[in-house]
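Undergrad: pasting the structure only:
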């Protein structure tokens with residue numbers, strides 16, 4: 001037995017000496033592939049929206065590097081020196097741009113089999129898209145119009161929404177990344193109109209109610225999907241990451257809502273609720289090693305229910321804000 005073991009060891013030693021370089025190269029390639037796939041799978045991280053009042057209302061109200069900026073209060077932001085709506089529009093363009101320029105770009109239309117398997121990022125980006133579509137819909141129908149029943153739609157806002165509404169799985173004719181870039185361009189053209197006084201952004205109680213209604217409806221759908229009885233182990237992570245993408249984008253949007261609608265919220269004592277909403281949305285961004293959907297008595301965490309509980313709380317707070325605003329929105333144009 002010892003003799004056979006010595007023979008096998010010698011044979012293995014010769015094999016390693018002869019093919020050591022090949023084995024080392026294969027190990028390095030495997031490590032590089034693993035790192036590449038890990039990097040591809042990373043989703044966009046939350047950031048604090050910081051607006052520098054000294055640069056407003058120049059071309060961009062949001063700096064490119066927002067990771068470590070401290071948030072400013074409404075009074076520090078000096079809204080009288082800003083162009084209403086510019087920060088709101090700039091944030092939406094930035095959120096779209098972050099997904100297009102992320103490592104690997106837009107995943108839902110990727111035809112390469114290796115990246116299509118990384119469905120966590122696919123679903124995350126689809127959640128971000130859903131939030132932005134809801135927001136741009138209200139921008140088109142309400143926020144950019146003095147009166148919803150008589151005012152014409154702003155052509156640039158209409159185009160921004162239209163380009164983003166294209167099938168997100170489209171790889172060619174049209175390529176969805178190209179449509180997203182066109183949406184960014186259209187948003188910046190609308191932003192330029194705002195700066196020139198050729199377009200409006202109407203941050204009133206009634207328009208904030210419309211925006212909140214869209215987001216409350218979206219959160220209701222996400223919560224129902226997370227809590228559904230038919231969730232299997234194969235689609236639990238899909239639902240989790242879609243809802244996580246929604247929470248991430250709403251966290252950014254509600255920060256800029258607190259700025260753009262500062263006067264409305266001040267008059268209606270809604271600032272505390274808005275702060276609570278952003279806190280809950282930030283808490284909804286967490287990354288489990290493995291997404292579990294276990295029973296309440298199971299040793300496994302139920303990450304879907306954890307996320308659903310936080311999103312349900314956000315939805316209730318949004319509805320509370322709308323209840324506060326309802327008495328003023330009834331007397332506003334809409």
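TA: Cool, got the structure. Since we're looking at a predicted model, the values are computed, not measured.
Undergrad: show the pLDDT at the closest residue to residue 237 other than its chain neighbours.
TA: Distance criterion C-beta to C-beta, 6 or more residues apart in numbering; nearest residue to residue 237, sequence neighbours excluded, is residue 291 at 4.1 Å. Where you see a C-beta, it was placed from the backbone N, CA and C, and this is true even at glycine. The score at residue 291 is 83. That number is its pLDDT.
Undergrad: my guess is residue 263 is in a strand, correct?
TA: No - counting by DSSP: H, G, I helix; E, B strand; the rest coil, residue 263 is not part of a strand but helix.
Undergrad: next one: it from residue 184, what distance?
TA: With distances taken as C-beta to C-beta, to the nearest Å, residue 263 is found 28 Å from residue 184.
Undergrad: between these two, which is the more surrounded one?
TA: The neighbour count for residue 263 versus residue 184, taken as other C-beta atoms under 10 Å, is higher for residue 184 (19 against 14).
Undergrad: my guess is that one meets residue 98, correct?
TA: No - counting by C-beta atoms under 8 Å, residue 184 sits too far from residue 98 to count as a contact (10.8 Å).
Undergrad: what comes up buried for the host helix or strand of residue 216?
TA: Assigned by DSSP states H and E, residue 216 belongs to helix 205-227. Of all the residues in helix 205-227, those buried under the rule 16 or more other C-beta atoms under 10 Å are 205-212, 214-216, 218-219, 222-223, 225-227.
Undergrad: which secondary structure elements does that helix contact?
TA: Judged by 3 or more C-beta pairs under 8 Å, 6 or more residues apart in numbering; DSSP states H and E, the packing partners of helix 205-227 are helix 119-138, helix 236-260, helix 303-329.
Undergrad: got the angle between the shortest one and helix 236-260?
TA: Taking axes from the mean of the first three to the mean of the last three C-alpha atoms, to 10 degrees, helix 119-138 and helix 236-260 form an angle of 40 degrees between their directions.
Undergrad: same for helix 119-138, what does it pack against?
TA: The contact analysis (3+ C-beta pairs under 8 Å, 6+ apart) places helix 119-138 against helix 86-100, helix 155-164, helix 205-227, helix 236-260.
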